[in-house]
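compute the structure for the input listed below.
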Amino acid sequence: DLMFSEDYLDETERVVREFKPDLIGISLRNLDNVSYMDPQWTLPGTKEVIDKVRSITEAPIVCGGPGFSLLPEACFDYLEPDLGVAGDGGESFAQLAEAMESGETYLNMPGLVYRDVSGSIVRQGLAYSEFSKPPRLDQLDMARYEKAGFGIGVVTKLGNAFSNSIIAENDTRSWRVLRPIEDVIDDIRDLQDRYNLRKIFFIDSGFNVPLPYAKALCRSIMDADLKVHWNSYLAPVPESCDDEVLELMREAGSGLVIVTNKTKEDTERFSLESRLAPLREVCQRCDRIGINYTVSQSFGEPGETRETVEAKLAFLNEIEPALANLRVGVRIRPDSPTADAAIKEGIIKDESDLIAPSFYIAEPVRDWIVDRLKVEAEANPRWNVV
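Model prediction:
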């Protein structure tokens with residue numbers, strides 16, 4: 001685990017030499033830090049780790065994780081591992097290890113990424129997981145993770161395949177992972193019993209959707225008397241964010257929620273007010289009920305003008321977040337309207353460029369938006385320009 005390593009290459013070399021692995025997995029959580037003001041790209045460091053491992057051992061190297069799964073082929077081409085797993089790779093990686101050990105064929109496994117005999121990169125769709133087996137947390141320094149930040153992750157439910165979007169529908173069939181509530185409760189209790197952990201982060205595309213699930217989970221946390229302090233994402237969907245669920249969340253131990261909009265919105269097709277209205281309604285409900293939250297607002301998206309910038313700033317002044325991130329530009333994501341606009345305007349050549357930090361800032365605001373946001377942030381201590 002390189003999370004807290006002060007010299008990750010030295011640590012990698014030491015562990016590989018001592019452990020002498022037969023198979024090595026490298027997980028990419030993010031491609032970058034999604035900051036225009038201080039962009040930090042993670043792939044060069046990952047490439048260094050892979051090259052260091054290659055200099056020590058001939059064991060196959062397999063890449064995966066959420067960051068890798070955003071652009072599997074492009075990441076594979078840049079990092080040059082032996083294999084990759086796109087999607088929910090935990091269970092697939094275990095199956096891959098078993099197949100390699102037994103000598104079975106594995107190139108047709110869901111989510112597998114590899115180079116064929118012609119040198120072309122092949123991907124077998126996406127891997128999916130039910131998250132039926134708990135992670136090996138005993139391999140990690142759990143006390144250090146708890147002190148580090150937002151809490152230990154517990155999977156509750158995940159949206160449609162790696163689109164970074166929030167599912168607004170209460171239709172449970174729309175979710176690729178929807179774990180039984182009793183399993184979630186068991187995970188929380190296990191964290192408390194084994195590690196005395198009281199702070200967790202629900203890994204969830206939108207805690208309040210589907211609404212019946214969210215309410216049932218809150219009630220189960222209280223019925224089990226877990227006394228846990230938790231954070232998660234909150235979907236800005238007013239019909240799935242009534243006063244009852246917010247009150248239940250507060251009583252069940254909600255410490256902070258991240259209120260986030262869909263990342264694939266077509267900002268030129270839909271009016272700004274139609275996009276801000278549900279966000280405003282949900283945030284103001286949180287203000288009234290006493291739910292602490294953070295919110296982000298992007299400036300410079302396709303269609304941005306001086307008028308829309310002022311409207312967004314006015315919106316932020318109407319709510320009371322614990323922290324507001326004012327994002328300069330839009331981190332361009334694959335398969336999105338912003339990516340289409342960026343290609344059309346020549347900002348990127350194609351979506352493979354998006355493995356590196358790539359931002360779209362609309363031309364009408366490009367020259368002055370940073371200075372404007374800095375002035376506003378100086379007047380609002382809880383606003384942060386990123």
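
report the residue ranges of every domain in this protein.
8-123, 137-385 (automatic domain parsing).

which one, of the ones you listed, ends up nearest to residue 1?
domain 137-385 (5.6 Å; Cβ to Cβ). C-betas here are computed from N, CA, C, even on glycine.

list the contacts of the helix or strand of the chain with the lowest mean pLDDT.
Here the helix or strand of the chain ranked lowest by mean pLDDT, DSSP states H and E is strand 177-178, holding a mean of 82. Contacts to strand 177-178, defined as Cβ atoms under 8 Å, 6 or more residues apart in numbering, come from residues 88, 129, 130, 131, 155, 157, 158, 172, 213.

hey, which helix is longest across the protein?
helix 272-289 (DSSP state H).

rounded mean pLDDT for that helix, please.
Per-residue pLDDT over helix 272-289 has a mean of 96.

against which helices or strands is that helix packed?
In terms of contacts (3 or more Cβ pairs under 8 Å, 6 or more residues apart in numbering; DSSP states H and E), helix 272-289 is packed against helix 243-251, strand 254-259, strand 293-299, helix 306-318.

do that again at 6 Å, thanks
helix 306-318 (3 or more Cβ pairs under 6 Å, 6 or more residues apart in numbering; DSSP states H and E).

and the helix it packs on, how far out from the chain's middle?
26 Å (Cα atoms, centre = their mean, to the nearest Å).

do the same with stretch 146-162
The chain centroid and the centroid of stretch 146-162 are separated by 8 Å, computed with Cα atoms, centre = their mean.

who's in contact with that stretch?
By Cβ atoms under 6 Å, 6 or more residues apart in numbering, the list of residues contacting stretch 146-162 from outside reads 69, 126, 131, 167, 175-179, 184, 187, 191, 197, 199-205, 231.

now stretch 343-363 - C-alpha only, PDB.
C-alpha atoms of stretch 343-363 as PDB (Å, rounded to 0.1, in the frame of the first residue of the first chain):
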ATOM      1  CA  ILE A 343     -12.900  17.900 -30.100                       C
ATOM      2  CA  LYS A 344     -14.900  20.200 -32.300                       C
ATOM      3  CA  GLU A 345     -13.000  23.200 -31.000                       C
ATOM      4  CA  GLY A 346      -9.600  21.500 -31.300                       C
ATOM      5  CA  ILE A 347      -8.900  21.500 -27.500                       C
ATOM      6  CA  ILE A 348      -8.200  17.800 -27.700                       C
ATOM      7  CA  LYS A 349      -7.500  15.500 -30.700                       C
ATOM      8  CA  ASP A 350      -9.600  12.600 -29.500                       C
ATOM      9  CA  GLU A 351     -10.800  11.100 -26.200                       C
ATOM     10  CA  SER A 352      -7.500   9.200 -25.700                       C
ATOM     11  CA  ASP A 353      -6.000  12.600 -24.800                       C
ATOM     12  CA  LEU A 354      -8.200  12.600 -21.700                       C
ATOM     13  CA  ILE A 355      -5.900  10.400 -19.700                       C
ATOM     14  CA  ALA A 356      -4.000  13.600 -18.900                       C
ATOM     15  CA  PRO A 357      -5.600  16.600 -17.100                       C
ATOM     16  CA  SER A 358      -7.800  18.300 -19.800                       C
ATOM     17  CA  PHE A 359     -10.100  21.200 -19.100                       C
ATOM     18  CA  TYR A 360     -12.700  23.000 -21.200                       C
ATOM     19  CA  ILE A 361     -13.100  26.800 -20.600                       C
ATOM     20  CA  ALA A 362     -15.600  28.600 -22.800                       C
ATOM     21  CA  GLU A 363     -14.000  31.300 -24.900                       C
END
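
residue 364: neighbouring residues, count only.
For residue 364, the count of nearby residues is 16 (other Cβ atoms under 10 Å).

any idea how far the closest residue to it other than its chain neighbours lies from residue 225?
On the basis of Cβ to Cβ, 6 or more residues apart in numbering, the spatially nearest residue to residue 364 that is not a chain neighbour turns out to be residue 305, at 5.4 Å. Residue 305 is 53 Å from residue 225, where distance means Cβ to Cβ, to the nearest Å.

what about the two, which has more around it?
Comparing residue 305 with residue 225 by other Cβ under 10 Å, the one with more neighbours is residue 305, at 12 against 7.
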